[in-house]
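Asker: Next comes the sequence, and after it the predicted model I'd like to discuss.
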Amino acid sequence: MFHIRRRLPVLSPLTLILLAVASLALAATAASAQKETQAARASNAASARQPTSTDAGDVPPFQDYKGVRLGMDAGEVRKKLGNPQDKSDQQDLYLFSDKESAQVFYDASKKVSALAITYLGDVSRAPSAQTVFGTQIEAKADGSVYKMERYPKAGYWLSYSRTGGEEPMVSVTMQKIN
């Protein structure tokens with residue numbers, strides 16, 4: 001039997017760390033979104049719900065990242081953001097600096113289904129929660145902030161997470177609602 005060896009690309013330690021951090025942030029956001037969805041379903045079953053601004057289908061101010069929007073074709077994304085550090089039919093990884101990275105996820109038709117943007121350390125270039133949602137979000141005692149909101153009429157959910165401390169991490173994630 002013949003075995004063909006493929007040489008895998010070698011990624012720098014910084015790339016691996018950023019990829020791990022971004023993956024953890026996305027996994028935490030997805031888990032939190034699932035918990036919030038389950039809690040919302042339980043609440044809806046228990047009592048009639050009062051309408052909120054998102055029930056009306058309001059769209060948040062944060063609708064794209066550097067011109068990249070959900071539903072955009074992979075070719076268009078690459079024209080806007082340039083050549084990714086790591087590229088595939090399912091996702092692209094962009095490392096703009098050691099402080100800013102983005103993951104762009106694609107569906108089967110190679111359209112953007114999710115964006116995860118991560119800022120590390122100096123987060124002065126990161127959007128604030130108010131910029132993302134249009135309203136101020138109260139920080140916890142340690143300075144951390146988290147919010148996830150669904151926008152059914154817009155067709156996606158959006159989350160914002162900022163860790164506390166002197167070297168915070170900000171993660172903004174948006175994903176199509178299936």
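Answerer: Arrived safely. Numbering: from 1, shown residues only.
Asker: which stretch of helix or strand covers Arg78?
Answerer: helix 74-81 (DSSP states H and E).
Asker: That helix - contacts with which helices or strands?
Answerer: strand 91-95, strand 100-106 (3 or more CB pairs under 8 Å, 6 or more residues apart in numbering; DSSP states H and E). The C-beta positions use only the backbone N, C-alpha and C, and glycine is treated the same way.
Asker: secondary structure class for the closest residue to Lys140 other than its chain neighbours?
Answerer: Leaving aside its sequence neighbours, Lys140 sits nearest to Gly164 (CB to CB, 6 or more residues apart in numbering; 7.0 Å). Of the three states, Gly164 takes coil according to DSSP: H, G, I helix; E, B strand; the rest coil.
Asker: Report the contact partners of Gly164.
Answerer: By CB atoms under 8 Å, 6 or more residues apart in numbering, the residues touching Gly164 are Ala139, Lys140, Asp142, Gly143, Ser144.
Asker: quick revisit: now the helices and strands packed on helix 74-81 in CSV, please, with extra columns for distance to Asp58 and mean neighbour count.
Answerer: As requested, these are exported to CSV (distance: least, CB to CB, whole Å; neighbours: other CB atoms under 10 Å):
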stretch, distance to Asp58, mean neighbour count
strand 91-95, 29, 20
strand 100-106, 24, 21
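Asker: Can I get those strands in JSON lines including mean pLDDT and distance to Ser128?
Answerer: Output for those, formatted as JSON lines (pLDDT from 0 to 100; distance: least, CB to CB, whole Å):
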{"stretch": "strand 91-95", "mean pLDDT": "97", "distance to Ser128": "22"}
{"stretch": "strand 100-106", "mean pLDDT": "97", "distance to Ser128": "15"}
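Asker: of those, which approaches Gln85 most closely?
Answerer: strand 91-95 (4.7 Å; CB to CB).
Asker: re earlier: got the helices and strands packed on helix 74-81 as JSON lines, with distance to Tyr151 columns?
Answerer: Formatted as JSON lines, the helices and strands packed on helix 74-81 follow (distance: least, CB to CB, whole Å):
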{"stretch": "strand 91-95", "distance to Tyr151": "22"}
{"stretch": "strand 100-106", "distance to Tyr151": "18"}
